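Colleague: I'll drop the sequence and a predicted model, then ask my questions.
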Amino acid sequence: MAVMNMIQAINSAHKVMMARDPDVVVFGEDVGYFGGVFRATEGLQREFGKTRCFDAPISEGGIVGTAVGMAAYGLKPVIEIQFADYIYPGYDQIVSEVARMRYRTAAEWTMPMVIRTPYGGGIFGGQTHSQSPEALFTHVAGLKVVVPSTPYDAKGLLIAAIEDPDPVVFFEPKRIYNGPFDGHHDRPVTPWAKRAEAEVPDGHYTVPLGKAQVVRQGAELTVLTYGTMVHVALAAVEENGIDAEVIDLRTLVPLDMETIEASVKKTGRCLVVQEATRTSGFASELVTLVQERCFYHLEAPVERVTGWDTPYPHAYEWAYFPGPKRLKFALEKVMAD
Amino acid sequence: MAVMNMIQAINSAHKVMMARDPDVVVFGEDVGYFGGVFRATEGLQREFGKTRCFDAPISEGGIVGTAVGMAAYGLKPVIEIQFADYIYPGYDQIVSEVARMRYRTAAEWTMPMVIRTPYGGGIFGGQTHSQSPEALFTHVAGLKVVVPSTPYDAKGLLIAAIEDPDPVVFFEPKRIYNGPFDGHHDRPVTPWAKRAEAEVPDGHYTVPLGKAQVVRQGAELTVLTYGTMVHVALAAVEENGIDAEVIDLRTLVPLDMETIEASVKKTGRCLVVQEATRTSGFASELVTLVQERCFYHLEAPVERVTGWDTPYPHAYEWAYFPGPKRLKFALEKVMAD
Amino acid sequence: MSDADPNSRRNAPALALHVPEPPYRPGDEPDFSSIVVPKAGEAPRPDTAAHPRETFPLTDHLVRVLDDEGRAVGPWDPKVDPDTLRKMLRDMVTVRVFDDRMYRAQRQGKTSFYMKCTGEEAIAVATAAAMHRDDMHFPTYRQQGLLVSRGYPLVKMMCQIYSNPGDHMKGRQLPIMYSDKEHGFFSISGNLGTQYPQAVGWAMASAIKEDSRIAMGWIGDGATAEGDFHSAMTFATVYNAPVILAVVNNQWAISSFSGIAGAERATFAARAVGYGMAGLRVDGNDALAVYAAVQWASERARSNNGPTLIEFFTYRAEGHSTSDDPTGYRPAGEAQAWPLGDPIARLKQHLVALGEWDDERHDALVKEADAEVRAAQKEAEKLGILPEQGRSNIESMFDDVYAELPWNLQEQRAACLKEAGHD
Amino acid sequence: MSDADPNSRRNAPALALHVPEPPYRPGDEPDFSSIVVPKAGEAPRPDTAAHPRETFPLTDHLVRVLDDEGRAVGPWDPKVDPDTLRKMLRDMVTVRVFDDRMYRAQRQGKTSFYMKCTGEEAIAVATAAAMHRDDMHFPTYRQQGLLVSRGYPLVKMMCQIYSNPGDHMKGRQLPIMYSDKEHGFFSISGNLGTQYPQAVGWAMASAIKEDSRIAMGWIGDGATAEGDFHSAMTFATVYNAPVILAVVNNQWAISSFSGIAGAERATFAARAVGYGMAGLRVDGNDALAVYAAVQWASERARSNNGPTLIEFFTYRAEGHSTSDDPTGYRPAGEAQAWPLGDPIARLKQHLVALGEWDDERHDALVKEADAEVRAAQKEAEKLGILPEQGRSNIESMFDDVYAELPWNLQEQRAACLKEAGHD
Ligand SMILES: Cc1ncc(C[n+]2csc(CCOP(=O)(O)OP(=O)(O)O)c2C)c(N)n1
Ligand SMILES: Cc1ncc(C[n+]2csc(CCOP(=O)(O)OP(=O)(O)O)c2C)c(N)n1
Ligand SMILES: [Mg+2]
Ligand SMILES: [Mg+2]
């Protein structure tokens, strides 16, 4: 057991899996000698050699495309897309090839691979270092979509993703790599070290895909969220003194509908929180599922807290980011309705 | 006034706009001499010359990318992506460039262009000639998304799209190019010629973007849909004898929320119908909006009829396609609830 | 106007957009007499370990082995034994007969779609003959010859075309989008170009594992314009991947001639030069030249001497697919006028010249192939044709999206079965 | 194992993946003495209407004009008048001073991000000098020299960097992602490579309109691996677009050396050969060579003789950006050891050799530039630095997603203002 921040936990997951499984190979832009711009792959090349962890040309399409070939050969590629904002040149290979390979060949060829990518805002990264494009992947049958929110989960989920027989898009909330974030950007950052979720076993363990976690028990309201927003939501619930049940989805596809339904049926109210652009975000799917399955338990409309329907504006980061105020108003509304 | 099928109407829109506006240029795979694999651009090269309508290399990324440059110059590119299933290699240029250009430059550069693409199933096209990827575009701020359902609308909307100052992704329901489709694949196809919507003016007119059309008045239930499914839904409503109001959205972004809200508040029930894969489809956004804005008028959960969460399976086309039976069950359910 | 010289633009002409146009359109009389076809045997054959630079002149040439009399000449003569030649001929004939039967089956409404490779049979067949049985192919839809050559059952191919219960892909793919791991044939994609970097990735994996199997990626002239082509070329050269990258230049991409993909300016083989990769341009209708080039590139790849780009120059003798009528955009007689001839006739002529074949045996071979294909078709049709499919075993539609069926697909499966009246 | 010969693989070695590695890593002593630098004046200069083929030897060479003594020699000497040379020198110095000030401003917390072009100043500055004022650039983030050369106000650049009210893009873009239509400078994208086919599209439009303005696209060595590079090359050659495509090969892409983009096998200029496009490889630290090459390519494009790919060979003397510390992946002294020298020193030496410049005037120039930059900074900071932004005029955040504000953005704007306490 060690104390790790989220980057260290992710790094550790790579090390554990590369040591256990000689078929795991890691590549992406700057991931080799340097260890990645966020240092998630630090030391892997040194420890496992240049043919197990190496730099790739700046070609997200080529990275995913060659990973498809490697998976077809029998390897388990774990690839890094430097920022989720740069995943689009690889989108065709992901949607048309990775996602559909098992289906189109009736499992003759499968695509066990993990596509890791830092996502989300709050770091003054402007339009192309801040996006949350998860909904563009949840709509694609054949992909699993994972978003951890703590070091412990990040390592356990990443190991589970690498071991999973299906392709996983693994979104890492870069804003909370070094410490959780309560949404108050003007307050000092707390490092992970102070938190229980930073206690991470050194060796192998998994956090199962497809299982949400109730991170706060409550009776009045259910908050569904994931990634960075788990912490922002938790803080908002506390600050507003609401007896909310907060569910960290952890996996968006396949979704842990059982946990969601049980909670909403219990509380009768639901708030969905995503960082992404509002229209057609994953929140819309969550709202839809909840109203389809819990309609007669709902005492108020399901509310959404989201980013706005604009690109991510550099200087207006904190007016864009769904922070404490947006949550407060939404919590008040859904409780008042 | 002439009788046109949807392809002829689209062709006519091109001709009208190319004649009116020398800045309109048309290009894409096979669109030049041959006039496109669906013949939507037939005769344009002959009439307007090779520099106004020409074949492009098989590079959707290059087609969109060069169109960006042309729009920056001051032209109005109308480009064809041969099948919506092949739009992904151009996805980065669409999402990162076309959609965000006006915003990122505070309107210094704008992207008036139309990206036309045939979408949807029902033609035994297998996984890569049948997709309905509209939700992957409705999530992207800065794009308008249009889906016509009749020859008259196709021409009027396409002209409006070409004249629009913003980029429009124009999804053409290829299954109904030649005639409407009631979902009964085993019945003979009726051509457009028999229908009033095939009466299309020869010259210039527009159908405004952002305006839905109530294609059937009704009191008991509101059906929200677009494209091919408008006709399938209309048929199902008739067959099941339900006094439904059917709304053809025509434009998904920006959405005509006013028309939707007025109808749902009147009927108290709502069914959303899309051809696309279920999870995170545009139907989810519609359900979410309706429940957010009409919750207290709803007598039953909003229902969704959709394609399944699988790739499009060639031989099982009619088990996949959201046809009469799926609609019937959903209509019954939402009326019974 | 210039920062340097305000008047320098006075004499500049108006800019002009060049839109490539093929030499002949419907109504024209195609005449290819001006095309320079290098003589067979002329091209030098570098060592397979040569620096890529040595191959660059060959990217602007045409490796040809069979001369006009059907003799194998020059340094590229692969000296293939007559039995192998006869097998190649047989496979090529089988492919052509198969294509004709299946085209007809589509026209008869037995399936939704078909694509022939008429005139291009030598390419896949001779490639398969020259490579190892366990090398991996990442093909397009015109390399049915690989499967035929490797002995994949024709019945299975047809079952795929009919999407019937004999189709091991459960009817999920468009006809002719074959896949067979056992036969080293990767799943064909409907999306052009995606297989090209995949082939490189497979080869990289083989190198990572210190294996000895190599990969071959295939692409059409038109599809070389996709970004995936560039990814493949880049990754292959950067990592020196043991891969052969083939461009089948049949000069058409549906209705667009190869000039729309850049062929007016450079050969497709020449792309290799820009990446510092070995490149060869080969007469694709000359089975021996194809064999020799692939053998050369295989040896090169297998000895860690690096990847090779091979352009097979050929002509798409028929329509793009059953959905296409080429008389709308090119003269009807072009295939016949095109100078490189018919690959089957040329290989036959060679075997005859060797004294290893004659018309009688050839007629017998065609009859045999025809009988074999007809027998296969009968057997396949016993399992059903497309219009009969999609009604039973509907629950299979929900399998294989994931290894395990998640709750949403379980629910959808139940709903679908209810719809179908099976609940 | 082989279809042809079952034993042919016996002696094959194990396959091996080659992973390129730069010659030096932190701790090593960089030594570039083995790099062959062609002599200035050596490269022939083809006619600007020459067939692309004639340029191919130049893609493997290095066009250099300034010799070691600072004399301009050989056929590429553009014979630029001293006033223009002095303006170029002044612009280059201004860029360097600007970079230093803004880097410091970022370190002082006045903005979020900055990127220098240290060592690469000649490339953009000499390009701007050689082209027409109304030609259009599609730049990356290291062509600030274009704006400086074209007289774009430094204050406006800084306002963009500070996202303050003087930023005409309303604070929406990351610092240094400039855009100015008036100055022929297209909006810089955060997504690498996208601008390359855009430049080609602009040039195609200019040709469609029979205009006389040409376009220039820019890309880094690392980003040439993106599919967009290939799209641009393909469309440019197919349509003979009046465009110049520049690759700024500064040998690094964040922590990856150019070998990871393919430079071990071929130059970036060589890519041109594969497409049949004219190509030049140019000493990017030699302002006269840059000027001459761009002038050549402009004349070529403007006369409908086709596009040119130019590789500017240079070295990224500093870190990738303020987020990067290059000592983590390369030796500290590499920039100094690198043989092509400092572009400012070299142009200065040339002017001095011409008798048109001296140390005194140079020192004065540096001081002037410094004063100008400081004055601009003062003025820009009056309008505010980044940490002060984002609190007022919040409603502007919702503008320009579309030409008109749709209902959802109207509602969101209202909600946002309420959140901000402005309602
Ligand atoms: C990404 C993508 N874009 C477009 C298409 C439509 N399409 C199918 S085949 C084809 C022509 C391909 O031509 P070529 O690569 O020369 O291969 P050939 O058919 O001649 O063998 C086109 C445009 C597609 N399948 N995928
Ligand atoms: C599509 C995309 N992928 C990755 C990145 C991240 N990134 C930003 S700059 C850079 C390196 C670019 O190197 P090069 O093209 O050589 O340009 P240089 O920085 O040397 O000028 C990378 C990988 C990006 N911005 N866009
Ligand atoms: Mg072709
Ligand atoms: Mg670089």
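Modeller: Cool, the structure landed. Ligands and ions are numbered 1, 2, ... in the order given.

Colleague: Whatever residue of the stretch 151-300 of chain A ends up closest to chain C - nearest residue in space that isn't next to it in sequence?
Modeller: Using CB to the nearest CB, residue A:254 is the residue of the stretch 151-300 of chain A that sits closest to chain C, at 3.6 Å. (C-beta placed from N, C-alpha, C; glycine too.) The spatially closest residue to residue A:254, leaving aside those adjacent along the chain, is residue C:406, at 3.6 Å (CB to CB, 6 or more residues apart in numbering or on different chains).

Colleague: Now do the phi/psi pair for that neighbour.
Modeller: phi -80, psi 170 (degrees, to the nearest 10).

Colleague: What of residue C:257?
Modeller: For residue C:257, the backbone dihedrals (degrees, to the nearest 10) come out as phi -80, psi 170.

Colleague: Could you report the separation of it from ligand 1?
Modeller: The gap separating residue C:257 from ligand 1 is 10 Å, by CB to the nearest ligand atom, to the nearest Å.

Colleague: Give me the nearest residue to that residue, chain neighbours excluded.
Modeller: Using CB to CB, 6+ apart, the nearest residue to residue C:257 is residue C:22, at 3.8 Å.

Colleague: count of neighbours near the one you found?
Modeller: Residues lying near residue C:22 (other CB atoms under 10 Å in any protein chain shown) number 20.

Colleague: Please, where are all the strands along the chain?
Modeller: Using chain A. A:2-3, A:24-28, A:53-55, A:76-80, A:114-119, A:144-146, A:168-173, A:199-200, A:213-216, A:221-225, A:244-248, A:251-253, A:270-277, A:303-307 (DSSP state E).

Colleague: not quite, I wanted chain C
Modeller: Under DSSP E, chain C gives strands at C:136-138, C:215-220, C:243-249, C:252-253, C:256-257, C:278-283, C:308-313.

Colleague: mind checking how far the closest residue to residue C:300 other than its chain neighbours is from residue D:265?
Modeller: Spatial nearest neighbour of residue C:300, chain neighbours left out: residue C:48 (4.4 Å); criterion: CB to CB, 6+ apart. Using CB to CB, to the nearest Å, one obtains 17 Å as the distance from residue C:48 to residue D:265.

Colleague: So residue A:263 is in contact with residue A:247, correct?
Modeller: Yes: using CB atoms under 8 Å, residue A:263 makes contact with residue A:247 at a distance of 6.0 Å.

Colleague: what do the two both touch?
Modeller: A:214, A:222 (CB atoms under 8 Å, 6 or more residues apart in numbering or on different chains).

Colleague: and chain A, which residues reach ligand 3?
Modeller: Residues of chain A found near ligand 3 (CB under 5 Å from the ion): none.

Colleague: which ones are touching the residue most central in space within chain A?
Modeller: By CA atoms, centre = their mean, chain A has its centre lying nearest to residue A:147, at 1.7 Å. The neighbourhood of residue A:147, defined by CB under 8 Å, 6+ apart, consists of A:119, A:134, A:170, A:171, A:172, A:173, A:226, A:227, A:249, A:250, A:251, A:252.

Colleague: let's go with 7 Å and repeat that
Modeller: Counting by CB atoms under 7 Å, 6 or more residues apart in numbering or on different chains, residue A:147 makes contact with A:134, A:171, A:173, A:226, A:227, A:250, A:252.

Colleague: count of residues packed around the fourth one?
Modeller: Neighbouring residues of residue A:226 were enumerated by other CB under 10 Å; the total is 28.

Colleague: With the fifth one instead?
Modeller: Residue crowding around residue A:227 was assessed by other CB under 10 Å; the count is 29.

Colleague: picking that back up, any idea how far residue A:257 is from the residue nearest to residue A:254?
Modeller: 9 Å.

Colleague: tell me the pLDDT at the residue nearest to residue C:257?
Modeller: The confidence metric pLDDT takes the value 97 at residue C:22.

Colleague: now swap in residue A:189 and tell me
Modeller: pLDDT, residue A:189: 88.

Colleague: Run a quick check on it versus residue A:179, I expect a contact.
Modeller: Yes: the pair residue A:189 / residue A:179 is scored as a contact, 5.1 Å apart, by CB atoms under 7 Å.

Colleague: Give me the spatial nearest neighbour of whatever residue of the stretch 151-300 of chain A ends up closest to chain D, chain neighbours excluded.
Modeller: Taking CB to the nearest CB as the measure, the stretch 151-300 of chain A has residue A:279 as its residue closest to chain D, at 6.6 Å. Nearest non-adjacent residue to residue A:279, counting by CB to CB, 6+ apart: residue A:309, 5.3 Å away.

Colleague: how about that neighbour, what does it touch?
Modeller: For residue A:309, the contacting residues are A:277, A:278, A:279, B:141, D:401, D:408, D:409, D:412, by CB under 7 Å, 6+ apart.

Colleague: ok, of those, which one's closest to residue B:323?
Modeller: Nearest to residue B:323 among those, counting by CB to CB, is residue A:279 at 28.2 Å.

Colleague: hang on, isn't that closest one packed against residue B:142?
Modeller: No: checked against CB under 7 Å, the pair residue A:279 and residue B:142 is beyond contact range at 11.2 Å.

Colleague: Please identify which of the two sits among more neighbours.
Modeller: residue A:279 (28 against 24).

Colleague: any idea how far the more buried one is from ligand 4?
Modeller: Using CB to the ion, to the nearest Å, residue A:279 is found at 37 Å from ligand 4.

Colleague: Relative to residue B:48, how far out is that residue?
Modeller: 37 Å.

Colleague: Residue C:208 is in contact with residue D:18, isn't it?
Modeller: No: taking contacts as CB under 7 Å, residue C:208 lies outside contact range of residue D:18: 10.9 Å.

Colleague: between those two, who's got more neighbours?
Modeller: Neighbours per residue, other CB under 10 Å: of residue C:208 and residue D:18, the larger number sits with residue C:208, 24 against 18.

Colleague: ok, now which ones touch the more buried one?
Modeller: A:25, A:51, D:17.

Colleague: got it, and residue A:4?
Modeller: Residue A:4 makes contact with A:12, A:151, A:198, A:200, according to CB under 7 Å, 6+ apart.

Colleague: Check the gap between the closest residue to residue C:273 other than its chain neighbours and residue A:189 for me.
Modeller: In this structure, residue C:273 finds its nearest non-sequential neighbour in residue D:273, 4.7 Å apart by CB to CB, 6+ apart. Residue D:273 is 52 Å from residue A:189, where distance means CB to CB.

Colleague: Look at those two and report which has more neighbours.
Modeller: Neighbour totals were compared for residue D:273 and residue A:189, and residue D:273 leads with 29 against 12 (other CB under 10 Å).

Colleague: returning to that earlier point: pipe the strands of chain C into JSON lines and attach mean pLDDT per row.
Modeller: Output for the strands of chain C, formatted as JSON lines (pLDDT from 0 to 100):
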{"stretch": "strand C:136-138", "mean pLDDT": "98"}
{"stretch": "strand C:215-220", "mean pLDDT": "98"}
{"stretch": "strand C:243-249", "mean pLDDT": "98"}
{"stretch": "strand C:252-253", "mean pLDDT": "98"}
{"stretch": "strand C:256-257", "mean pLDDT": "98"}
{"stretch": "strand C:278-283", "mean pLDDT": "98"}
{"stretch": "strand C:308-313", "mean pLDDT": "98"}
